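Asks: Predicted model and sequence below, questions to follow.
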Amino acid sequence: MDRMFGLGRKGYHAIERSTTDRSTVAALRSDDHIVDEKLRLQLESYSETDREYWSFNGKAVREHVHAYFQYPAMMVPQMQGELIRAVLKTVPSIRNVFDPFVGSGTVMTEAMLQGLDFTGQDINPLAVLISRAKAGPFYVRAVVDQTEELLHAIKNDRNVQLEAEFAGRDKWFRRDVAIELSRIRRAIRRQRTSCSRRFLWVALAETVRLTSNSRTSTFKLHVRPAEEIASRNTSPVQVFEEVVSKNIESLRSHHGVLKQRELLNRGNYRGSVKIHLGNSANWCPYGNDGYDLLVTSPPYGDNGTTVPYGQHSFLPLQWIDPEDIGTNADAGWLSTTHEIDARSLGGSKVRALEDTAHLLEISESYRRVVDALKYEPRDRLMRVAAFCRDLDRSMDPVLSVLRPNAYMLWTIGNRRVGGQLIPIDEILTELLCSRGATFVTKIQRTIPANSKRMAGKNGIASTMGAEAVLVMRKGKVW
């Protein structure tokens, strides 16, 4: 909004230092609230004739590059795209989007379709790989030609040497499966460009997911019964060929849309896309004068009791060269099956209650949760406290990279722990408002059963059937 009203950061600071022009300050504040109201009305107008508009029931289709990989709990692309368009209608000066929990790149892809610059970050190396592969470049003809050569090389490889070495390998992969995965890995490593390898690594990751001995009905690593493993008729090479073929068609259709919208320059996206591997509770990448818009969906609780993204990613990552993910992707991320989840929000419960003592004053909703859970098994309260502590810690790094008055769209789900609803949407609102943010509106949506790939329930908490989109505006220092 700085640019919308013709004022840059220096202009705001000049007014901030002024001791006489109080009417100008009041006018700017009034303008802020006018735009807030316009955005609220714009977003609410969608559901005036259809109360379930934001549920996107029957319209949640994962098309184009959204279909590359079955990542857990993916957001509805059409919903995120509509949210971005709604904000652009109200604030057309927006040029760049930031997502500190980028996941498989849903927001990134939708931002690119709007011609926006994008920066994302995630703590999961597999999420970073998938997002970078989806960001292009989009050389369809080259990918087709290289894939034909690659498949030929794989089918002519008679080497039985295994290319992955990690604890539990023989538990999770039959030897014949591991041999074929090794042949695929060798062929991918011979590809000359990192962008080609990333596209193929994603296809290999999906192949690993489908051919390992872990059940696909759950995100957690859960080995199949021995008799089922022995009787499975599965060929990674055949699965890989099918996945690559499907992904090429997804790439082709996505390329067509970008080209039609004049968003490509010789196969490269015209805007800027940057994806970082890192913990947003510690640091967020800063871009130019700050990001214009935040669109994100953080985890809805600690990974151990909601969605174990790290466990889900552990086996695929064992077969992928970390050098093609990022310079800071090393073996430490895969030291155990739980390491990635342990680094995520709420992954460590150490000093969780002590570290959230200050939240009892900042967030009335958090205080009520603590009171409600204090008679439950202690582990439940510790998990909630650890997650809220790390969510709170991410607020300052996230807000620090947004420009003054930047809008924020947070898609949040409220889970239950011990039968107690954990109002993450209210807690997050209070955490943001305590740092000067302004609440604009909240969109409630039900989650159609087939729109978001989530587990039905787990041993501690039932997963949610509804989400909320918090629309907030970052405050500015006066």
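Replies: Everything's here; your move. Numbering: from 1, shown residues only.
Asks: quick one: least confident helix or strand in this structure?
Replies: Least confident helix or strand, the chain: helix 9-17 with a mean of 34, by mean pLDDT, DSSP states H and E.
Asks: correct me, but Leu162 touches Val177?
Replies: No. The pair Leu162 and Val177 does not pass the contact test of C-beta atoms under 8 Å, sitting 10.4 Å apart. Any C-beta I mention is one placed from the backbone N, CA and C, and that applies to glycine too.
Asks: Neighbour count: the two, which is higher?
Replies: Neighbour count, other C-beta atoms under 10 Å: between Leu162 and Val177, Val177 has more, with 22 against 15.
Asks: name the element the nearest residue to Val160 once chain neighbours are set aside belongs to?
Replies: Once flanking residues are discounted, Val160 sits nearest to Ile179: 5.2 Å by C-beta to C-beta, 6 or more residues apart in numbering. Per DSSP states H and E, Ile179 falls inside helix 175-189.
Asks: Quick check: next helix or strand after that helix?
Replies: Assignment by DSSP H and E places the next element after helix 175-189 at helix 194-211.
Asks: Following element in sequence after that next one, please.
Replies: With DSSP H and E setting the assignment, the helix or strand that follows helix 194-211 is helix 226-231.
Asks: which outside residues touch that next one?
Replies: With contact meaning C-beta atoms under 8 Å, 6 or more residues apart in numbering, helix 226-231 is reached by 174, 213, 223.
Asks: who's in contact with the spatially closest residue to the last one that is not a sequence neighbour?
Replies: Read it as Val223. Excluding its sequence neighbours, the residue lying closest to Val223 (C-beta to C-beta, 6+ apart) is Asn213, at 5.4 Å. Contacts for Asn213 (C-beta under 8 Å, 6+ apart) come out as 171-174, 223-224, 229.
Asks: Need those in JSON lines (columns: neighbour count).
Replies: Output for the contacts of Asn213, formatted as JSON lines (neighbours: other C-beta atoms under 10 Å):
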{"residue": "Lys171", "neighbour count": "12"}
{"residue": "Trp172", "neighbour count": "21"}
{"residue": "Phe173", "neighbour count": "26"}
{"residue": "Arg174", "neighbour count": "16"}
{"residue": "Val223", "neighbour count": "14"}
{"residue": "Arg224", "neighbour count": "17"}
{"residue": "Ile229", "neighbour count": "17"}
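Asks: Generate JSON lines for these, with pLDDT and distance to Tyr68 as supplementary columns.
Replies: Output for these, formatted as JSON lines (pLDDT from 0 to 100; distance: C-beta to C-beta, whole Å):
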{"residue": "Lys171", "pLDDT": "97", "distance to Tyr68": "27"}
{"residue": "Trp172", "pLDDT": "98", "distance to Tyr68": "22"}
{"residue": "Phe173", "pLDDT": "98", "distance to Tyr68": "22"}
{"residue": "Arg174", "pLDDT": "98", "distance to Tyr68": "26"}
{"residue": "Val223", "pLDDT": "96", "distance to Tyr68": "26"}
{"residue": "Arg224", "pLDDT": "97", "distance to Tyr68": "25"}
{"residue": "Ile229", "pLDDT": "96", "distance to Tyr68": "27"}
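Asks: In TSV: those, plus distance to Ala329.
Replies: As requested, these are exported to TSV (distance: C-beta to C-beta, whole Å):
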residue	distance to Ala329
Lys171	24
Trp172	21
Phe173	22
Arg174	27
Val223	26
Arg224	29
Ile229	30
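Asks: ok, so of those, who is nearest Val295?
Replies: Trp172 (35.4 Å; C-beta to C-beta).
Asks: My guess is the closest one contacts Val223. True?
Replies: Yes. Between Trp172 and Val223 there is a contact at 7.2 Å, judged by C-beta under 8 Å.
Asks: tell me, what's touching the two both at once?
Replies: With C-beta under 8 Å, 6+ apart as the test, Trp172 and Val223 both reach 213-214.
Asks: Remind me what the longest strand anywhere in the chain packs against, helices and strands.
Replies: Counting residues, the longest strand found in the chain (DSSP state E) is strand 402-412. Using 3 or more C-beta pairs under 8 Å, 6 or more residues apart in numbering; DSSP states H and E as the contact test, the elements touching strand 402-412 are helix 9-17, helix 77-90, strand 291-296, helix 424-433, strand 466-473.
Asks: what's the most buried one of those?
Replies: strand 291-296 (a mean of 25; mean count of other C-beta atoms under 10 Å).
Asks: Mind giving me the packing neighbours of that strand?
Replies: Against strand 291-296 (3+ C-beta pairs under 8 Å, 6+ apart) you get helix 77-90, strand 96-99, helix 106-113, strand 402-412.
Asks: so what secondary structure elements neighbour the shortest one?
Replies: Helices and strands touching strand 96-99, by 3+ C-beta pairs under 8 Å, 6+ apart, are helix 106-113, strand 117-122, strand 291-296.
Asks: Give me the sheet partners of that strand and which way each runs.
Replies: strand 117-122 (parallel), strand 291-296 (parallel) (DSSP bridges).
Asks: follow-up on the earlier one: phi, psi for the residue nearest to Val223 please.
Replies: Per-residue torsions, Asn213: phi -90, psi 0 (degrees, to the nearest 10).
Asks: contacting residues around Gly115?
Replies: So Gly115 contacts 261, 263, 270-271 (C-beta under 8 Å, 6+ apart).
Asks: Please report the distance of it from Trp54.
Replies: Counting by C-beta to C-beta, to the nearest Å, the gap from Gly115 to Trp54 is 24 Å.
Asks: shaky segments in the stretch 301-450 of the chain?
Replies: 449-450 (pLDDT under 70).
Asks: What segments of it are helices?
Replies: For the stretch 301-450 of the chain, the helices defined by DSSP state H, counting those that start in this stretch cover 309-317, 339-343, 352-355, 359-362, 364-373, 378-400, 424-433.
Asks: Touching, Ile422 and Gly413? I think so.
Replies: No. Between Ile422 and Gly413 there is no contact under C-beta under 8 Å: 9.7 Å.
Asks: more crowded one of those two?
Replies: Ile422 (27 against 23).
Asks: In contact with the more buried one, which residues?
Replies: 301, 369, 384, 414-416.
Asks: let's see 6 Å
Replies: Contact analysis of Ile422 by C-beta atoms under 6 Å, 6 or more residues apart in numbering lists 369, 384, 414-415.
Asks: cool, Ala133 as well?
Replies: Neighbours of Ala133 in contact, by C-beta under 6 Å, 6+ apart: 198-199, 202.
Asks: can you rerun that using 7 Å?
Replies: 68, 198-199, 202 (C-beta atoms under 7 Å, 6 or more residues apart in numbering).
Asks: ok, which pair from these is furthest apart?
Replies: Tyr68 and Arg198 (10.5 Å).
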